[in-house]
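K.L.:
Make a model of this:
(one chain, ligands or ions: 2)
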Amino acid sequence: MNSDEIDDGHGQSLNTSIEIDQLPIVSPTGKRTDYLVWWDYFMSIAYIVSLRSKDPNTRVGACIVNDENRIVGLGYNGMPNNCSDDELPWYRMNNDPMKIKYLYVCHAEMNAILNKNSYDCKNCTIFVLLFPCNECAKMIIQAGIKRVVYLSDKYFNDNKFKASRKLFQMANIELIQYTPKQRRIVIDFDQFIDNKNNITTTSS
Ligand SMILES: Nc1ccn([C@H]2C[C@H](O)[C@@H](COP(=O)(O)O)O2)c(=O)n1
Ligand SMILES: [Zn+2]
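P.N.:
Ligands and ions are numbered 1, 2, ... in the order given. You can find the predicted model right below:
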């Protein structure tokens, strides 16, 4: 449906070509109600960060947030700095034991902690797409992070993840498996591209 006249929530009519179906749901004061709640926001950022991963099987992102909802660290699973991810292997299995990714890849949680932009991660929450392994659990605990919010615990039967859960419980780290309020979020850059025919790209 198109409309040339819509109510702006204050009884004033607006001239717009906004599709009625695209109009946001608003409160009585006109405030839109479909904004991302904090935890959806941080988990969405972890998801976006994961899109930088070159892992062909599993892309993981992590977002560390302090107790004032400020982001203090972001990370995704990738090879160490100055170690070419075109030369190191991304295989899960290989006849040559030196050619499996697990020997080399840095986990998302480790990178988020090491990338921190604050003095420490004390009393922070880490939002991560997958439950942390035992090595990351050690770093999370040592970094002073107090809460782990995760989406999937798909490796729960693996000893590394049984060990991480044991460490978290001993260290009194809060573990929350979170289901986002908005399960699907669309990124639509087109709405901000003025001249869609004259696209200039610089890649990095
Ligand atoms: N909490 C986690 C769990 C896994 N990762 C990384 C490590 C690997 O790059 C990949 C898992 O590979 P898969 O065994 O699924 O082929 O995900 C992480 O960073 N954080
Ligand atoms: Zn890990």
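K.L.:
so what's L36 up against?
P.N.:
Applying Cβ atoms under 8 Å, 6 or more residues apart in numbering to L36 gives the contacts S44, Q182, I185. (C-beta placed from N, C-alpha, C; glycine too.)
K.L.:
In terms of helices and strands, where is the closest residue to the last one other than its chain neighbours?
P.N.:
The shortest distance from I185 to any non-neighbouring residue, by Cβ to Cβ, 6 or more residues apart in numbering, is to S44 (5.8 Å). Taking DSSP states H and E as the criterion, the element that holds S44 is helix 38-50.
K.L.:
Quick one: name the residues of the chain near ligand 2.
P.N.:
Residues of the chain lying near ligand 2 by Cβ under 5 Å from the ion: H107, C133, C136.
K.L.:
correct me, but the second one touches F161?
P.N.:
Yes: C133 sits in contact with F161 when judged by Cβ atoms under 8 Å, with a separation of 6.1 Å.
K.L.:
Find residues that contact each of those two.
P.N.:
Shared contacts of C133 and F161 (Cβ under 8 Å, 6+ apart): Y155.
K.L.:
For D96, the count of nearby residues, please.
P.N.:
D96: 8 surrounding residues under other Cβ atoms under 10 Å.
K.L.:
repeat for T202
P.N.:
Counted with other Cβ under 10 Å, T202 comes out at 4.
K.L.:
Would you check how far apart it and N195 are?
P.N.:
16 Å (Cβ to Cβ, to the nearest Å).
K.L.:
Quick one: residues contacting the residue most central in space within the chain.
P.N.:
Centrality entry for the chain: nearest residue to the mean C-alpha point is A46, 0.8 Å, by Cα atoms, centre = their mean. Going by Cβ under 8 Å, 6+ apart, A46 touches G61, A62, C63, L74, A108, F127, V128, L129.
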